[in-house]
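1. Here is a sequence with its predicted model. Questions after.
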Amino acid sequence: MGKSIDLLQGTLDLLILKTLALEPMHGWGIAQRIQQISKDVLQVQQGSLYPALYRMEQQGWIRAEWGASENNRRAKYYRLTASGRRQLERETSNWTRLSAAIAQIIETA
Amino acid sequence: MFNLRALFRKNRAEQEMDDELRFHLEKQTEQNVARGMSAQEARYAALRQFGNLGQVKEECRDTWGARMISEFGQDLRYGLRQLRRNPGFTTVAVLTLALGIGANTAIFSVVDAVLLRSLPYKDSAHLVWTALQNPKSDLHWSAVPHPTYFAWRDKNDVFSGIAATHFTGEFTLTGAGIPERIPGKSVSANFFSVLGVELLRGRSFTPEEDRRGGSRAAILSYGLWQSRYAGDPGVLGRPIMLDDRDYSVVGVLPASFKFPTSGRQPQVFVPLAAPSDASSAIWFLDVIARLKPGVTLAQAEADLSVIDSRTLPLLPKFLGSYTQEVHLRVVSLHDQLTGSVRAPLWTLMAAVAFILLIACANIANLQLSRGSVRARESVLRSALGATHSRLARQLLTESMLLSAMGGFVGLLGGFWGVGLLRSFVPSGLLNVQDVHVDAAALALTIAVSALAGVISYFAPMLTLFSPNLSLTIQAGRGQGPRSRKNAFRQNLLPLVEVASAVVLLVAAGLLLRSFLRLTGVSYGFDSHNVLTARIFLPLDRYSTEPQQAAFSSQLLDRISVLPGVRAASLATSLPNTLSMKVRVGIEGRPAPALNDPAASVPLDSVGGGYFRALGIPILSGRGFENRDGPNTAKVAVVNQEFVRRFFPHSENPIGQRILIAVGTSDQTVVSIIGVSAAIRRVGPGGNPLPQVFLPLTQSPSDEITALLHTASDPRAVVPALRSQVLVIDKQLPLANIATMDDLLAGETADQHFETMAVGLFAALALLLAGLGIYGVISYMVSQRTSEIGVRMALGAQSGDILWLILGHGTKLALIGMAIGVAGALTLTRFLASQLYGITPTDPLTFITVSVILIAVALAACYIPARRAAKVDPMVALRYE
């Protein structure tokens, strides 16, 4: 396991949105997925995941419904709403611009 | 209700959060076990990896409150936007609600002040009124003879205090400044302490003063203290002249004091000093008592009855039989003072509550008429993820917003309405001056607004969740299935409204026309520009008839020549009031039987010029002249009604002789010298009565009324009249100064109030009926938009469409009107007794009401009809 990096402020929302864009998922799954895809570089603070989910649900970006998990247990699944999809686009383009700008500074300075 | 649900929701949310977090921890634990940890280890590790569980829960919970608030904010903004987008609907709805709520606020303010608020006395719930009730008599409440009061006072076990007051009427106040007649009362020494009233200055009467022959003491009202003594604190101990007797001021009442009476507030109080000897003249007293704690009205009544049965034999004989005929009653003072207005006020309250209900139904109907639009919107929103409860909350927010606006406007209307009501409510009620929109009325307004919001919320709610909703949407254009049943339900409300508006309008119209007849009726004399004022000659100085006659002729001479006075006279009573009745007979005929009511005839003494001053024509013979002096032959003028009754065979009455007070020791004989026209007596509805007039010079009186017919404003001659009276006798005040027109207007005051109240309700009903029709026609137009589009595409002109819609509305109005007219014809009979000069089926009233209603109905249809006529066929058809 390599060295993990703490998440930048506000980045968690983007990661959650992106993860949910693929398929509806429960909270634990979201945390696992982020960790897997980033190859353990990004370690989601499991505790901070849920307040973020609740907040985003309230914003109307995601919707929650109860469903059955892989091994048939009751779990709360989150899915992206139309407005969440738009939010994802906005945040993605913001992030791309930000990382490009930072990369430029690092390379030229 | 709403809060409880939120609480319940929160508990469910809490449960779900716990479930969700437990699931997470279990998954993490499983994963840790899969990595080779022991079960125990895996569990701890999972908790560690998760972080502070309690804090996470708290952060999650925080979002809920914020969500409720932000959703409410969204709903509010959305609602406001909706209302702004439909200014017509919003204005109509807010005004409808404002009318209903405002009327409730205003009437409740009166009910609250008059019926619900306690009397302005300390611990007033314990104050009672004890009275003797004669079930056979029209006068339900009669006062208590003073020996009964004394027996109650000395022997009862139920009162902590019992006090009495005597109807004293007026005092002549002389001394400083011009003499004045002021209302006064004599009260027992403990009167103010039983009421629990503290004097502002000085003291109440002592028991010594409240005894026959005791020193004369007086207590002033705050108003009299201010007006007569400029609030001088040194007034105590000063002498005050009442009815030519010296009293000494011992106390001043506070400004807030109100005497428990439904009449004029007395301004000066003197000791009761009732006779202590039961055999002397009987005084009738009003008795007020304070119950001991825990004693009920029934117990008090029983206790007093026992006292009565023991003391009755001791009462004078005639009084014994009097008290046997009456029932003893002990009622709360509050009931006694408000009894006569309780039923009418509650009726009024029920009526305005009903009006509010109709207003809510109207809003609901208007909402339904927007239902097709709303249904599409609801489906759209729920497709976008809004839950049913969220949609319901949105509708409730909107409904509440509407009713809050209505409540606010209604409150403003309520303030105005209370001012209006205060000037119409009978003024004698104790608390009537305190009628205003207070905290209680404000609370009621808020509660009523909220209730109105909830009530008018149900109709759109039902459409939202009706099984027809999916059908509605499938139809695509938001057209609900147009069944016969639906149309009937839609049309029922405006039909009922139109019908009830017709009934109310007819009633108001009949009362109004009746009132106009009443006030326009000729009394048979000229009341215009006539000033009247009463003069009471104190019997100490005017004890003999020559003294009284001398005063009258002197005064008449002086006021007849005042500048601006066309004609002046004096009379023992005014032509609109009851005069003394005497038994009369015609000389040469058998004396009338003692109990023959036809022989009892009103009699007035009048000065010369009486008939001229009031413009009453002398039909034959002559009126009184200077030559009819005390030493000449006794003469009389009779009116035409007298001639009709006593000389039915057209005998010539002139020269006939009348026996007055026939069969008594005072019997006199007078010759008829003239016949006057008959005038109406006592109230405009009253029929002319037979009447005998005698000259004041021959039968003088100690109570006379001056009548001055002036060229212009009669009030302008008041100072001149007063100074002429004072020249003759500087101790004499003028009382009851009023113009004849005002006195006659007072007689129709009750009818005036009734007409105003019914008229107001009728106007409200008319408005609501108009709104009802508007709602239904709007709904119809919104439903038939595409049909109208097709018609126009096929060549219909907008004029045709206009008439199509107007026709539907008119049909509605006509059916409602037919029901209403039928209803009115059956109901107005009950008004018959209150009508004057017109029948309950007065055709003009019915026709006028019908015309007004049709006009309102057409106006209500016109707005949606014009909208329909402007439908663009392309736009209408594109929706298909």
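-> Cool, the structure landed. Residues are numbered from 1 along each chain as shown, chains lettered A, B, ... in the order given.
2. Could you double-check that B:Val330 sits in contact with B:His126?
-> No: between B:Val330 and B:His126 there is no contact under C-beta atoms under 8 Å: 11.9 Å. (C-beta placed from N, C-alpha, C; glycine too.)
3. quick one: which of those two has more around it?
-> A count of neighbours by other C-beta atoms under 10 Å in any protein chain shown puts B:Val330 above the other of B:Val330 and B:His126, at 25 against 20.
4. backbone phi and psi for that one, please?
-> Backbone torsions of B:Val330, given as degrees, to the nearest 10, read phi -120, psi 120.
5. ok, now which ones touch it?
-> B:Val128, B:Trp129, B:Thr130, B:Leu297, B:Ala300, B:Glu301, B:Leu304 (C-beta atoms under 8 Å, 6 or more residues apart in numbering or on different chains).
6. Helices - which of those residues land there?
-> B:Leu297, B:Ala300, B:Glu301, B:Leu304 (DSSP state H).
7. Tell me the one among these nearest to chain A.
-> B:Leu297 (62.2 Å; C-beta to the nearest C-beta).
8. Count the residues that sit near the nearest residue to B:Ala567 once chain neighbours are set aside.
-> Distance criterion C-beta to C-beta, 6 or more residues apart in numbering or on different chains; nearest residue to B:Ala567, sequence neighbours excluded, is B:Ala613 at 4.0 Å. Using other C-beta under 10 Å, B:Ala613 has 25 other residues around it.
9. ok, for B:Tyr862, nearest residue in space, not its chain neighbours?
-> Here the residue nearest B:Tyr862, using C-beta to C-beta, 6+ apart, is B:Leu806, at 7.1 Å.
10. Read off the pLDDT value for that neighbour.
-> Here the pLDDT value assigned to B:Leu806 is 86.
11. on that earlier part again, how much space separates the residue nearest to B:Ala567 from B:Ser569?
-> Remark: distance between B:Ala613 and B:Ser569 (C-beta to C-beta, to the nearest Å) = 4 Å.
12. Just want the residue of chain A that's nearest chain B.
-> For chain A, C-beta to the nearest C-beta, closest residue to chain B: A:Gly47, 3.1 Å.
13. Check for me that that residue belongs to a helix.
-> Yes: counting by DSSP: H, G, I helix; E, B strand; the rest coil, A:Gly47 is found in a helix.
14. Could you double-check that it sits in contact with B:Leu47?
-> No: counting by C-beta under 8 Å, A:Gly47 sits too far from B:Leu47 to count as a contact (10.3 Å).
15. More neighbours: which of the two?
-> Using other C-beta under 10 Å as the criterion, A:Gly47 and B:Leu47 rank with A:Gly47 on top: 18 against 14.
16. what are the ranges of the strands in the stretch 101-250 of chain B?
-> B:127-133, B:141-142, B:144-145, B:159-174, B:180-187, B:201-202, B:217-220, B:239-242, B:245-252 (DSSP state E, counting those that start in this stretch).
17. before we move on, what about chain A?
-> A:25-26, A:62-68, A:74-80 (DSSP state E).
18. Can you spell out which helices and strands pack onto the shortest one?
-> In other words, strand A:25-26. strand A:74-80, helix B:2-34 (3 or more C-beta pairs under 8 Å, 6 or more residues apart in numbering or on different chains; DSSP states H and E).
19. what's in contact with it?
-> A:Thr19, A:Arg33, A:Ser69, A:Ala75, A:Lys76, A:Tyr77, A:Tyr78, B:Glu20, B:Phe23, B:His24.
20. Could you look up the next helix or strand downstream of whichever strand or helix holds B:Met780?
-> According to DSSP states H and E, B:Met780 maps onto helix B:749-783. Going down the chain from helix B:749-783, the next helix or strand is helix B:785-793, by DSSP H and E.
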